[in-house]
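need the 3D shape of this:
(one chain, ligands or ions: 1)
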Amino acid sequence: MSFEKSKELYNEARKYIPGGVNSPVRAFKAVGCDPVFIKSAKKAYLHDEDSNKYIDYVCSWGPLIFGHANKKIIKSVEESLYHGFTYGAPTKVEVELAKLISKCVPSIEKVRLVSSGTEATMTAIRLARAYTKRDKIIKFKGCYHGHADSFLVQMGSGGLTFSTPTSPGVLEDVAKNTLLANYNNKEDIKNLFNTFKNQVSAVIVEPVAGNMGIVKPEDGFLNFLAEITRENGSLLIFDEVITGFRLGLSGAQGIYNVKPDITTLGKIIGGGFPLAAFGGRTEIMNLLSPEGPVYQAGTLSGNPIACTAGITTIKMLLEDPPYDKLEKNTKYLTEEMKNIFKKYSIDVYISQCGSMFTPFFCSEKVIDLDSATKSNTQIYSKFFQGLLNNGIYPPASQFEAWFVSTAHSLKDIDATLEAIENVAKNL
Ligand SMILES: *Cc1c(COP(=O)(O)O)cnc(C)c1O
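Residues are numbered from 1 along each chain as shown. Next comes the predicted model:
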């Protein structure tokens, strides 16, 4: 396989764009090779500038549940384009999308549309702070909620009670109001609520974690979060930017039967276009301007093209829910992967939930960030590079989710397994 044109473009890109990319993980730094530049995509396949073809397991990091360039989505977007791109005024499609979202996700009575997951989570905590009149939030180590200042924090030397920024430019004064807990750890949460009585506005969590690789909640963990937040007058925020419409029509909250106060959505709801949302009970959502005093706005919020793609996507999901079949195909892929790794005596723990999974190169069950980071990232890099050279496009980090779409046929999955066997032999 040749990567000449991608290399040339990468050199050119680095002259004009910091690091040559518009989102860091795309640079392949964590897997020790240069990024490939994508020219086009269709169904389950990516085509790069050097005319290499890959079976894609990134799916744009989650949005593409129907694969690339879905015909129905193209058709609806094409029609919509001729009506104008953006008006900065209310539209019928916004109402239609909001109605669809609240019909599918019962905890969402009212919803506001934004352009990125970062905006959704950033405003969700602003709203929680305004509603509870408290400053602090609790987040979990390894959960990602976009790049707003409040989320770019790590444990300080004082353990659970002091957080410091992970990025220069984030104020200590902001970071100190974000408390950190280990995922799946009830004791951490109890301790924080005891130490910071009446100060915690919200707990924000990915109900199934996707950003340290896939990590599932232990039995009862999400229910515990719902109870302890209620008892303490705090809100529970489910960040379902990945899991919303991915695990089912009502997301992880439908699967685990837990009702959060606020939900954030993104990725799938835009059908591949920039669109995200946050929603919840009317009483909370009505605090938003112009109904209430909490400010939030966006020039392209509820953009008609993105809304149209979102509506088409959700309608397709409602008409013919693909979730059982997606899960079955994903199970087949991960079970066969396990067999291959076993055959070559490679330690792997595959964490799977619906159509998302992560093969962690470690021997023990992954339940939180500490156990996830025990995996061998050097093996992952070799695995990644091997797969890329065998026409498979996996996420460029050990700590990301693989996504299966409805466009991935059994033939594609079998071809993937063949490539995996080729690579595993030499790991
Ligand atoms: C992707 C993601 C975000 C951020 O969304 P952007 O659209 O990239 O800003 C937030 N939360 C979770 C769980 C995500 O996976």
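
where does this structure get nearest to the ligand, which residue?
Across the chain, the shortest distance to the ligand (CB to the nearest ligand atom) belongs to Gly117, at 2.1 Å. Glycine gets a C-beta too; all of them are placed from N, C-alpha and C.

so what's the residue count around that residue?
For Gly117, the count of nearby residues is 27 (other CB atoms under 10 Å).

Glu78 now?
Using other CB under 10 Å, Glu78 has 11 other residues around it.

would you confirm that it belongs to a helix?
Yes - per DSSP: H, G, I helix; E, B strand; the rest coil, Glu78 lies within a helix segment.

what's the spacing between it and Glu4?
34 Å (CB to CB, to the nearest Å).

Ala124: what's it in contact with?
The neighbours of Ala124, taking CB atoms under 8 Å, 6 or more residues apart in numbering as the test, are Ala202, Ile204, Ile237, Asp239, Ile262, Thr264, Phe278.

from these, which are also near the ligand?
Asp239 (CB under 6 Å from any ligand atom).

quick one: which of the contacts of Ala124 sit in helices?
In helices, judged by DSSP state H, none of the contacts of Ala124 are found.

what about Phe384, which SS state?
Following three-state DSSP, Phe384 is assigned to helix.

please parse the protein into its domains.
4-65+322-424, 71-319 (automatic domain parsing).

dump these into TSV; add mean pLDDT as well.
As requested, the domains of the chain are exported to TSV (pLDDT from 0 to 100):
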stretch	mean pLDDT
domain 4-65+322-424	98
domain 71-319	97
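
need the nearest residue in space to Glu291, chain neighbours excluded.
Met285 (7.9 Å; CB to CB, 6 or more residues apart in numbering).

need the contact list for that neighbour.
Counted by CB under 8 Å, 6+ apart, Met285 has contacts Glu109, Lys110, Val111, Arg112, Leu127, Gly279, Glu291.

by neighbours, which of those residues wins?
Of the contacts of Met285, with other CB under 10 Å as the count, Leu127 tops at 26 neighbours.

spit out the contact partners of it.
Ile262, Phe278, Ile284, Met285, Leu287, Leu288, Val294.

just the ones of the residues you listed in strands?
Assignment to strands by DSSP state E places the following of these there: Ile262, Phe278.

what is the nearest of the contacts of Leu127 to Cys307?
For the contacts of Leu127, the closest approach to Cys307 (CB to CB) belongs to Phe278, at 15.5 Å.

can you give me the strands for the stretch 201-350 of the chain?
235-239, 262-265, 276-280, 349-353 (DSSP state E, counting those that start in this stretch).

return the distance of stretch 131-141 from the chain's centre.
Here the centre of stretch 131-141 is set off from its chain's centre by 21 Å, with CA atoms, centre = their mean, to the nearest Å.

kindly report the same for stretch 82-101.
24 Å.

first-to-last residue distance for it?
Terminal residues of stretch 82-101 lie 25 Å apart, using CA to CA, to the nearest Å.

which other residues reach that stretch?
In contact with stretch 82-101 (CB under 8 Å, 6+ apart) are residues 80, 108, 110-111, 113, 265, 269, 277, 279, 299-300, 302-305, 307-308, 310-311, 314-315, 318.

output the longest helix belonging to this protein.
Longest helix in the chain, counting by DSSP H: helix 323-343.

so for whichever strand or helix holds Ser102, what gets flagged as buried?
Using DSSP states H and E, the element containing Ser102 is helix 92-104. Judged by neighbour count (16 or more other CB atoms under 10 Å), helix 92-104 contains these buried residues: Val93, Glu94, Glu96, Leu97, Ala98, Leu100, Ile101, Cys104.

excluding its backbone neighbours, what's nearest the first one?
Read that as Val93. Cys307 (4.1 Å).

surely Lys186 touches Phe224?
Yes - at 5.4 Å, Lys186 counts as touching Phe224 under the criterion of CB atoms under 8 Å.

where do the helices of the stretch 251-400 of the chain begin and end?
With DSSP state H, counting those that start in this stretch as the criterion, the stretch 251-400 of the chain has helices at 251-256, 282-285, 304-319, 323-343, 369-372, 377-389.

and the third one, how far from the chain's centre?
In this case it means helix 304-319. Distance, centroid of helix 304-319 to centroid of chain: 19 Å (CA atoms, centre = their mean).

so what does that helix touch, helix or strand wise?
helix 71-81, helix 92-104 (3 or more CB pairs under 8 Å, 6 or more residues apart in numbering; DSSP states H and E).

how about it: buried residues?
By 16+ other CB under 10 Å, the buried positions in helix 304-319 come out as 304-314, 316-317.

as CSV, could you dump the C-alpha coordinates of stretch 143-156?
The C-alpha atoms that make up stretch 143-156 are tabulated as CSV, following Å, rounded to 0.1, in the frame of the first residue of the first chain:
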residue,chain,number,x,y,z
CYS,A,143,-15.4,10.3,30.5
TYR,A,144,-15.2,13.0,27.8
HIS,A,145,-17.7,15.7,27.6
GLY,A,146,-16.2,18.0,24.9
HIS,A,147,-13.6,20.6,25.4
ALA,A,148,-15.3,23.3,27.6
ASP,A,149,-13.0,24.5,30.4
SER,A,150,-14.9,22.8,33.2
PHE,A,151,-14.2,19.4,31.7
LEU,A,152,-10.5,19.7,31.0
VAL,A,153,-9.4,18.7,34.5
GLN,A,154,-7.4,16.0,36.3
MET,A,155,-6.9,14.9,39.9
GLY,A,156,-4.6,17.2,41.7
